[in-house]
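Participant: Return atomic coordinates for the entry below.
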Amino acid sequence: MRADRLDIFFSAGSPPAGSQVERMAADGHVRVTQPGRRATSDHAEYEAAAGKIVMKGGPPVLYDEEKGSTTGQSLTFFMHDDTLLVDGSGGDRAVSQHRIPQ
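Facilitator: Model (predicted):
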């Protein structure tokens, strides 16, 4: 995760438990990359225990080389099972564009 500002919070306790990331909060030009995909937004929060990233503002957009792109008011990505939840509430529509094999 990259951003103009990235706050990283570690779990309490002595090492090695104290050295593990518990959560992260990112603001400004947020970019999350994985092989074959990237996501951008104005704000993102990562929760290690839940294995999820919630992206808001910009609006958030997920680009996938194989599947296309998705945008909405907020995107919640669960890394453990590769699930994406898209929220289009607040008057903004959720949009998903998929690539169709030829």
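Participant: residues contacting the spatially most central residue of the chain?
Facilitator: Centroid-nearest residue in the chain, with CA atoms, centre = their mean: residue 53, separated by 4.0 Å. Contacts for residue 53 (CB atoms under 8 Å, 6 or more residues apart in numbering) come out as 1, 32, 39, 44-47, 76-77, 79. (Each C-beta comes from the backbone N, C-alpha and C, glycine too.)
Participant: Not counting sequence-adjacent ones, nearest residue to residue 28?
Facilitator: residue 4 (3.0 Å; CB to CB, 6 or more residues apart in numbering).
Participant: so the closest residue to residue 71 other than its chain neighbours bridges to which residues?
Facilitator: With sequence-adjacent residues excluded and distances taken as CB to CB, 6+ apart, residue 71 is closest to residue 61, at 4.5 Å. Under DSSP bridges, the beta-bridge partners of residue 61 are residue 40, residue 71.
Participant: Tell me how many other residues crowd residue 61.
Facilitator: Residue 61 is flanked by 16 other residues according to other CB atoms under 10 Å.
Participant: Likewise for the one 4 residues further on?
Facilitator: Here the neighbour count serves as a burial measure; for residue 65 (other CB under 10 Å) it reads 10.
Participant: so what pLDDT did the nearest residue to it once chain neighbours are set aside get?
Facilitator: Excluding its sequence neighbours, the residue lying closest to residue 65 (CB to CB, 6+ apart) is residue 36, at 4.7 Å. Here, the pLDDT recorded for residue 36 equals 92.
Participant: cool, residue 78 as well?
Facilitator: 92.
Participant: Could you list the buried residues of the longest strand seen in the chain?
Facilitator: In the chain, assigned by DSSP state E, the strand with the most residues is strand 21-34. For strand 21-34, a neighbour-count test (16 or more other CB atoms under 10 Å) marks 24-27, 30, 32 as buried.
Participant: Packing partners of it?
Facilitator: strand 5-10, strand 37-47, strand 52-56 (3 or more CB pairs under 8 Å, 6 or more residues apart in numbering; DSSP states H and E).
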